[in-house]
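K.L.:
no letters, just coordinates:
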């Protein structure tokens, strides 16, 4: 029995390492390529052993003004997440407490519908309002996915909270609004952090809406990487450096908030 258990553990460990290598290698290659010249990237003999250079990162900030694109991405991602929370948390709480399952189903359908379905209507609407190449159009378009996402996550989280907590607050003299603001939201921290982080990541990485609705003033990072591509060649070193810069903020935020994400998803998955 012990031998079978050891064999199973060994197989599981090998498969886990294989899967990790499969998913981690592209990121590892991206990181290495960001410190290589164009010739080194194309050379199979310098895959792991090469003379590193910082020119790619220098070009990203000096020639392509990536600080502006980083700021644009932060404004859009943070703005869409905050507004989605402002609207999504009360909506999710109302749906959870009043058992509005049909409305929850409609929101789920809105989340499932491909975003490209809304792209042409968004473009026509924002063109009429003269909001193309504005933060307003990007934030509203990103909320199209972020808002249903936050609502759907928080519905299950609010349903898992015992109603006795709210009843105690009402007995102590709190209004419904005060119960929500002073009791429900503070104890829902893990769920709020989880939904916020996932919404932020979606907005940060969104390309489809940004390529159509953004312009020179509001161009975010995923669109800015096109600066490294031309009809004749692709600047692989600069592209990989830009990809590392795009990945780094989200990676840092995810690592710092990972324990809240795990507890938030676990709490939202269990209805008590």
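P.N.:
Nice, I can see it. The model shown is predicted, which means the values in this text are computed figures rather than measured ones.
K.L.:
can we go C-alpha only for contacts and neighbour counts from here?
P.N.:
Will do.
K.L.:
quick one: the strands in the protein, in order.
P.N.:
If DSSP state E is used as the criterion, the chain turns out to lack strands entirely.
K.L.:
is it true that residue 107 touches residue 148?
P.N.:
Yes: under the criterion of C-alpha atoms under 8 Å, residue 107 lies in contact with residue 148, with a separation of 5.7 Å.
K.L.:
more neighbours: these two, which one.
P.N.:
Relative neighbour count places residue 148 above the other of residue 107 and residue 148, with 25 against 16, counting by other C-alpha atoms under 10 Å.
K.L.:
how about the contacts made by that one?
P.N.:
Contacts for residue 148 (C-alpha atoms under 8 Å, 6 or more residues apart in numbering) come out as 88, 107, 108, 110, 111.
K.L.:
do that again at 10 Å, thanks
P.N.:
Each residue near residue 148 by C-alpha atoms under 10 Å, 6 or more residues apart in numbering is listed here: 84, 87-88, 91-92, 104, 106-112, 154, 199.
K.L.:
residue 203 too?
P.N.:
When contacts are counted by C-alpha under 10 Å, 6+ apart, residue 203 is found next to 73-74, 76-81, 138-139, 141-143, 145-146, 197, 209-210, 220.
K.L.:
how about 8 Å then?
P.N.:
For residue 203, the residues meeting the contact criterion (C-alpha under 8 Å, 6+ apart) are 76, 77, 80, 142, 146.
K.L.:
cool, residue 200 as well?
P.N.:
Counting by C-alpha under 8 Å, 6+ apart, residue 200 touches 77, 78, 80, 81, 146.
K.L.:
any low-confidence regions in the protein?
P.N.:
Under the criterion pLDDT under 70, the flagged ranges of the chain are 1, 259-272.
K.L.:
swap the cut-off to 50 and go again
P.N.:
268-272 (pLDDT under 50).
K.L.:
please name the nearest non-neighbouring residue to the most centrally placed residue in it.
P.N.:
Nearest to the mean C-alpha position of the chain, by C-alpha atoms, centre = their mean, lies residue 201 at 1.2 Å. Taking C-alpha to C-alpha, 6 or more residues apart in numbering as the measure, residue 201 lies nearest to residue 250, with 6.6 Å between them; neighbours along the chain are not counted.
K.L.:
distance of the one you found from residue 203?
P.N.:
The spacing between residue 250 and residue 203, counted by C-alpha to C-alpha, to the nearest Å, is 11 Å.
K.L.:
same thing with residue 25?
P.N.:
Using C-alpha to C-alpha, we find residue 25 at a distance of 25 Å from residue 203.
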